[in-house]
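Q: this is a predicted model, with the sequence first.
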Amino acid sequence: MRHSRRSSVDVRFEMAPLIDVIFLLLIYFIFVLVVMVRADILDVRLPTLSAGTPAERGVAVTIVLDREGRLFVNGEETPRNGLAARVRDLRAEHPGAKLFVAADEGGRTSDVLALIDLLAAEGLGEFQLLGTPEAAEEPQP
């Protein structure tokens, strides 16, 4: 009579490596959220820019000029005469915060120039303009 040996081992599902992978993914997503450039922009259509550079990561103070000429600082509507004080307060709370200006492409150019003039007059002339990057052209064969 012939006896067959059973050499197969029962299949086990190890949970430890799976949990490690889940925690690594969680840490990755938290890290990405922390280092993202946060620009609180309302529903505005940004102009397309071809010669721009990506924004630096860090804390941001964002001034938004919408189509109607209203100003928003980090998502809160702000009157023109209180704009400089609001920006200075936010920069005092977050030293080293970058200043970004976003203007709706359908707005008036005179509003944008008035905003830039106001910022320069208040000593806040160092800012970056926000726009959408121009679509990269595909190389021709």
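A: The structure has been received and is ready for your questions. Numbering: from 1, shown residues only.

Q: now what about the helix ranked longest in the chain, what contacts it?
A: Longest helix in the chain, counting residues (DSSP state H): helix 16-35. Residues outside helix 16-35 that contact it (Cβ atoms under 8 Å, 6 or more residues apart in numbering) are residue 57. For glycine as for every other residue, the C-beta is placed from the backbone atoms N, C-alpha and C.

Q: what comes up buried for that helix?
A: Residues of helix 16-35 include none that count as buried (16 or more other Cβ atoms under 10 Å).

Q: can I get stretch 128-137 as CSV, trimmed to CA atoms?
A: What follows is stretch 128-137 as a C-alpha-only set of coordinates in CSV (Å, rounded to 0.1, in the frame of the first residue of the first chain):
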residue,chain,number,x,y,z
GLN,A,128,3.4,86.6,-7.2
LEU,A,129,0.6,86.5,-9.8
LEU,A,130,-1.3,83.3,-10.1
GLY,A,131,-2.4,81.8,-13.4
THR,A,132,-3.0,78.5,-15.1
PRO,A,133,-0.1,77.0,-17.0
GLU,A,134,-0.2,76.9,-20.7
ALA,A,135,-0.7,73.4,-22.2
ALA,A,136,2.6,71.9,-23.2
GLU,A,137,2.9,71.4,-26.9
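
Q: show me where the chain has helices.
A: Under DSSP H, the chain gives helices at 16-35, 83-93, 109-121.

Q: would you reformat those helices as a markdown table and include mean pLDDT?
A: Formatted as a markdown table, the helices of the chain follow (pLDDT from 0 to 100):
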| stretch | mean pLDDT |
| --- | --- |
| helix 16-35 | 88 |
| helix 83-93 | 89 |
| helix 109-121 | 89 |
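
Q: right, and the ones you listed - which one's nearest residue 69?
A: helix 109-121 (4.5 Å; Cβ to Cβ).

Q: how distant is the closest one from the center of its chain?
A: From the chain centre to the centre of helix 109-121 is a distance of 23 Å (Cα atoms, centre = their mean, to the nearest Å).
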